[in-house]
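Colleague: Pasted the sequence and its predicted model underneath.
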Amino acid sequence: MAMAMTTLISKTAISICPSTTTSMAIAFNSASAFCPQFRPKPTSPLFSKPLFSLSSRQSSSRIINAFAKDEFSGRVGFLGLGIMGSPMAQNLIKAGCDVTVWNRTKSKCDPLISLGATYKPSPEEVAASCDVTFAMLADPDSAMDVACGKNGAANGMGPGKGYVDISTVDDGTSKLISERIKATGASFLEAPVSGSKKPAEDGQLIFLTAGDQSLYEKVTPLLDIMGKSKFYLGDIGNGATMKLVVNMIMGSMMASFSEGLLLSEKVGLDPSVLVEVITQGAISAPMYKLKGPSMIQSQYPTAFPLKHQQKDLRLALGLAESVSQPIPIAAATNELYKIAKSRGLSEQDFSAVIEALKSNTTV
Ligand SMILES: NC(=O)C1=CN([C@@H]2O[C@H](COP(=O)(O)OP(=O)(O)OC[C@H]3O[C@@H](n4cnc5c(N)ncnc54)[C@H](OP(=O)(O)O)[C@@H]3O)[C@@H](O)[C@H]2O)C=CC1
Ligand SMILES: O=CC(=O)O
């Protein structure tokens, strides 16, 4: 399994052509055919990337491939317009894509309709009217329901179409959705994202994709509008599990950071100084500087809802169980998020987990 993944990754890496001015120009002209106002993101000369990922700039050869095949005429569906789905769909519209939207709570479609999106009253009708449909749903149940339920997207899928599920779910759910979509003759790609509300707004997400490689290639220009990089990880399930491992680590980091902030305060240190010290050292992570100051003020403006972080920990525990891997730190962390949920903090940012460590929750 590990061997197979490595092979795939290196094949992907080998297939990247070096970007030249000419090839980039051809690529961007082709992308413009899909989304007329498509503009490449400026790339920093200092930008560094892992060997096996594709930054927007490097994937120019794939943009050419996608349009040379001309299998999609460019109608893009988007299902699920929450914290993440809304800005992602907005970026597609702003890039000039022909976007059709649906959301369970219809009012969340209105700002996108104002920007030029078309509305359809069910996932089935979105899928039927689009060439590729993205889905950004809360959890495994909603992802399954929107894809495979009554009036679900699968009913509108068929040969030549593609379904890209970007929700964070477990590999089992992703495989079930894939089977249902592929039974219609359509292609399926799982593509959960790393990066939160702000990266979604800024088109700076990281896509963790797996499934039909031809669909990956076709939607490359769209992923490049919404994100800064993407990984193609091979078989269905690999993207979902990579996302769960990343979020398992993130949840534990936040819990540990919370303990540190509270301990420093209790022993008479200034927690803001702790944040500065961490920021300058080897354990620095953008998250600490971003969330620390508001956590110290007991403010948790929602970027990544705490209920979703707990869902990801729960799914990571299931994943670890399936391969008998002990993850005691994640297990303890999950309990902390459950306490936070029981204190009514589900809809707040996941940094509100710090409240579970306080004797009296005041939020
Ligand atoms: N926020 C973040 O920082 C990140 C989130 N993620 C993941 O992305 C996904 C979406 O997250 P986010 O946008 O933050 O979440 P939100 O809670 O803001 O949005 C969830 C979306 O799912 C829809 N939904 C929920 N339940 C159902 C259902 N039963 N049937 C149909 N639709 C449903 C909601 O519809 P409605 O509006 O009607 O409630 C909404 O569109 C999650 O899997 C999350 O783990 C990944 C990376 C970052
Ligand atoms: O899933 C959350 C994120 O920040 O990534």
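Modeller: All right, it came through fine. Ligands and ions are numbered 1, 2, ... in the order given.
Colleague: Who are the contact partners of residue 332?
Modeller: Contacts for residue 332 (CB atoms under 8 Å, 6 or more residues apart in numbering) come out as none. Backbone N, C-alpha and C define where each C-beta goes, glycine included.
Colleague: Which secondary structure state does it sit in?
Modeller: Here residue 332 is helix, with the state taken from DSSP: H, G, I helix; E, B strand; the rest coil.
Colleague: separation between it and residue 255?
Modeller: 8 Å (CB to CB, to the nearest Å).
Colleague: Over to residue 111?
Modeller: Counting by CB to CB, the gap from residue 111 to residue 255 is 34 Å.
Colleague: just the strands in the stretch 51-200 of the chain please.
Modeller: 54-55, 75-79, 98-102, 118-119, 132-135, 162-165, 187-190, 193-194 (DSSP state E, counting those that start in this stretch).
Colleague: Worst mean pLDDT among those strands?
Modeller: Here these differ in mean pLDDT, and the lowest is strand 54-55 at a mean of 49.
Colleague: can you list the weak-confidence ranges in the stretch 251-363 of the chain?
Modeller: 360-363 (pLDDT under 70).
Colleague: how many neighbours does the residue in it positioned nearest to ligand 1 have?
Modeller: Proximity of the stretch 251-363 of the chain to ligand 1 (CB to the nearest ligand atom) peaks at residue 304, 3.3 Å away. By the measure other CB atoms under 10 Å, the count of residues near residue 304 is 22.
Colleague: which residues touch it?
Modeller: Contacts of residue 304 by CB under 8 Å, 6+ apart are 83, 196-197, 349-350.
Colleague: returning to that earlier point: for residue 111 and residue 255, indicate the residue with more neighbours.
Modeller: A direct count of neighbours by other CB under 10 Å for residue 111 and residue 255 places residue 255 higher, at 26 against 14.
Colleague: Let me see the domain layout of this protein.
Modeller: 76-235, 242-357 (the TED database).
Colleague: and among these, the most buried is which?
Modeller: domain 76-235 (a mean of 22; mean count of other CB atoms under 10 Å).
Colleague: Would you mind measuring the gap between the ends of stretch 149-157?
Modeller: Counting by CA to CA, to the nearest Å, you get 13 Å between the two ends of stretch 149-157.
Colleague: Touching it from outside, list them.
Modeller: In contact with stretch 149-157 (CB under 8 Å, 6+ apart) are residues 77, 79, 122-129, 133, 135, 145-148, 163, 180-181, 183-186.
Colleague: quick one, what contacts residue 110?
Modeller: Counting by CB under 8 Å, 6+ apart, residue 110 has no contacts.
Colleague: gap between it and residue 319?
Modeller: For residue 110 relative to residue 319 (CB to CB), the value is 38 Å.
Colleague: check whether stretch 241-248 contacts ligand 2.
Modeller: Yes. Against ligand 2, stretch 241-248 shows contacts by CB under 6 Å from any ligand atom at residue 247.
Colleague: and the chain, which of its residues are near ligand 2?
Modeller: 194-196, 247, 304.
Colleague: 8 Å instead?
Modeller: Within the chain, the positions near ligand 2 by CB under 8 Å from any ligand atom are 168, 192-196, 199, 243, 246-247, 250, 303-304, 308-309, 312, 350.
Colleague: coming back round to it: out of the contacts of stretch 149-157, list just those in helices.
Modeller: 123-129, 145-148, 180-181 (DSSP state H).
Colleague: could you say which helix or strand contains residue 318?
Modeller: helix 306-322 (DSSP states H and E).
Colleague: Tell me the helices and strands packed up against that helix.
Modeller: Packing partners of helix 306-322 (3 or more CB pairs under 8 Å, 6 or more residues apart in numbering; DSSP states H and E): helix 238-266, helix 328-342.
Colleague: CSV please, covering the ones you listed and showing distance to residue 204.
Modeller: Formatted as CSV, the helices and strands packed on helix 306-322 follow (distance: least, CB to CB, whole Å):
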stretch, distance to residue 204
helix 238-266, 16
helix 328-342, 26
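Colleague: In contact with whichever residue of the chain sits closest to ligand 1, which residues?
Modeller: Going by CB to the nearest ligand atom, ligand 1 is nearest to residue 82 of the chain, at 1.9 Å. Residues near residue 82 by CB under 8 Å, 6+ apart: 103, 108, 136, 138.
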